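1. A structural model of the following input is requested.
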Amino acid sequence: MKKNKTLAIIFILLAVSAVVLYLVKSGLLKMPGKKKDNAQEGMVGNAAGSNVTPSQSGPAQPKSSSPFPLHFGSRGNEVKNLQKIVNVKADGVWGKNTGSAIFKQLGLSIVSVNEYNYILKQNRY
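-> Model (predicted):
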């Protein structure tokens, strides 16, 4: 009987771990102390006419004229363009549905300026 309880606990821990991993990779959950510096490599400049702002939750971020990288909580025309490409409601706000669609279709949870430009070019946008 004790062996069955042990196996059940191991199974539950594995299931919880899998859910947490999915949420982190999809950008719906941020792990404390983790930084996504590798997603920001190669970023250059700002897209013209951008009005994307970072999410208001979490630690304060320095002011920047660049909307990139785009991520959960981002807002603006760049997000609206990505939403049109992945066929979700194009309201310009990166929420749960947008994050899930971008992760499933493009394999990204954060979009750098280079990735954004490549996606637009590939979709002839």
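2. Please pull out the lowest mean pLDDT helix or strand from this structure.
-> helix 2-25 (a mean of 74; mean pLDDT, DSSP states H and E).
3. what packs against whatever helix or strand comes next after that one?
-> Counting by DSSP states H and E, the element after helix 2-25 in chain order, helix or strand, is helix 77-85. Using 3 or more C-beta pairs under 8 Å, 6 or more residues apart in numbering; DSSP states H and E, the elements in contact with helix 77-85 are helix 96-106, helix 113-122. All C-beta spots, glycine's among them, are computed from the backbone N, C-alpha and C.
4. For the least confident helix or strand of the chain, list the C-alpha coordinates in CSV.
-> Output of helix 2-25 as CSV, limited to C-alpha atoms (Å, rounded to 0.1, in the frame of the first residue of the first chain):
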residue,chain,number,x,y,z
LYS,A,2,2.9,2.4,0.8
LYS,A,3,4.3,1.7,-2.6
ASN,A,4,1.1,2.8,-4.3
LYS,A,5,1.1,6.1,-2.3
THR,A,6,4.7,6.7,-3.3
LEU,A,7,3.9,6.2,-7.0
ALA,A,8,0.9,8.4,-6.8
ILE,A,9,2.9,11.2,-5.2
ILE,A,10,5.6,10.9,-7.9
PHE,A,11,3.0,11.0,-10.6
ILE,A,12,1.4,14.1,-9.2
LEU,A,13,4.8,15.8,-8.9
LEU,A,14,5.6,15.0,-12.5
ALA,A,15,2.2,16.3,-13.7
VAL,A,16,2.6,19.6,-11.7
SER,A,17,6.2,19.9,-13.1
ALA,A,18,4.9,19.5,-16.7
VAL,A,19,2.2,22.1,-16.2
VAL,A,20,4.7,24.6,-14.7
LEU,A,21,7.1,24.0,-17.5
TYR,A,22,4.4,24.6,-20.1
LEU,A,23,3.3,27.9,-18.4
VAL,A,24,6.9,29.1,-18.2
LYS,A,25,7.7,28.3,-21.9
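5. No further questions, thank you.
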